[in-house]
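Asker: Predicted model and sequence follow; I will ask about them next.
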Amino acid sequence: MPEVSFHSVSLQFDDQLILDNLSFRLSEHRIGIIGENGSGKSSLVRLINGLSVATSGEVKVNGLNPARQAKEVRRLVGFIFSDADNQIIMPRVRDDVDFSLRRRGLSRDERQNRVDAVLEQFGLTEIAEQTPHSLSSGQKQLLALASVIVINPDIIIADEPTTLLDLRNRIKISRIFSQLQQQLIVVSHDLDILENFDRILCVDHHRIIADGSPHEVLPFYRTLMTERAS
Ligand SMILES: Nc1ncnc2c1ncn2[C@@H]1O[C@H](COP(=O)(O)OP(=O)(O)OP(=O)(O)O)[C@@H](O)[C@H]1O
């Protein structure tokens, strides 16, 4: 598996402290990141592909620094944004998936086969010729996932990938996640999809307050949130 490491990483926006002196290494297969709204989860994963830059400390992805070697890191890391509209580029669903594969040196046939396979996998075949903007929010979310998974990146980061999906599609995504060979880092409020992950980190008040197996961290988090809600 690839290795993502944080060495004394802090992140500030203007004067606001978001992440405070985080150090950890991620080398497990499937890693979940949980925490309250605004706790810094998206900010944390955005540091991994250089979308944000640490105020101090250092992030490394397989030894590369995402802030200084963004191009190389983005070849390794596929990032699925929480807002799928951000990722839609092309006028047809099929072309949008295909767009990710351009400049990968594949033949036209090979590209088409991969696009067809991933459209099928995500249940998008029937709407392959439609414009992405005509899709429902959930279908756009599936398209965003398909467009990243088709490239086969070494690390897949998904920021709240199931927020808009119905139960059937959540189950489907959960199955797809469990079959992926690549390292997967998922930010989610949907705790069910993280049940079978290898490791869960809980971000709270700028720090990681729990880090362990889903059996340890998810019940801890559920109890903490129940207490805070009352
Ligand atoms: N580009 C930015 N400029 C200024 N502040 C930002 C920026 N991005 C995030 N923040 C702030 O950082 C804090 C953490 O935001 P972040 O999106 O990382 O939280 P989150 O845990 O992913 O939240 P949610 O669960 O609601 O998606 C918030 O207070 C947010 O306002």
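Answerer: Arrived safely, thanks for sending. Numbers count the residues shown, from 1 in each chain.
Asker: Could you export stretch 5-17 as CSV, CA atoms only?
Answerer: What follows is stretch 5-17 as a C-alpha-only set of coordinates in CSV (Å, rounded to 0.1, in the frame of the first residue of the first chain):
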residue,chain,number,x,y,z
SER,A,5,2.3,10.7,6.4
PHE,A,6,1.7,13.9,8.4
HIS,A,7,4.6,15.2,10.4
SER,A,8,3.6,17.9,13.0
VAL,A,9,1.1,19.4,10.5
SER,A,10,-0.8,22.5,11.4
LEU,A,11,-3.3,24.3,9.2
GLN,A,12,-4.6,27.8,9.7
PHE,A,13,-6.9,29.9,7.5
ASP,A,14,-6.3,33.6,8.3
ASP,A,15,-6.1,33.6,12.0
GLN,A,16,-8.3,30.5,12.4
LEU,A,17,-6.6,27.3,13.6
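Asker: nearest spatial neighbour of residue 106, skipping sequence neighbours?
Answerer: Spatially, and ignoring its direct neighbours in sequence, residue 106 is nearest to residue 114 (7.4 Å; CB to CB, 6 or more residues apart in numbering). For every residue, glycine as well, the C-beta is placed using N, CA and C.
Asker: What are the buried residues along the helix or strand encompassing that neighbour?
Answerer: Element membership for residue 114, per DSSP states H and E: helix 108-121. Using 16 or more other CB atoms under 10 Å as the test for burial, helix 108-121 gives 111, 114-115, 118-119, 121.
Asker: before we move on, the earlier item: for the residue nearest to residue 106, what are its contacts?
Answerer: 101, 106, 150 (CB atoms under 8 Å, 6 or more residues apart in numbering).
Asker: what about the longest helix in the chain?
Answerer: helix 214-229 (DSSP state H).
Asker: could the buried residues of helix 108-121 be laid out in CSV, adding distance to residue 13 and pLDDT?
Answerer: Output for those, formatted as CSV (distance: CB to CB, whole Å; pLDDT from 0 to 100):
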residue, distance to residue 13, pLDDT
111, 39, 93
114, 38, 94
115, 38, 95
118, 35, 93
119, 38, 95
121, 37, 91
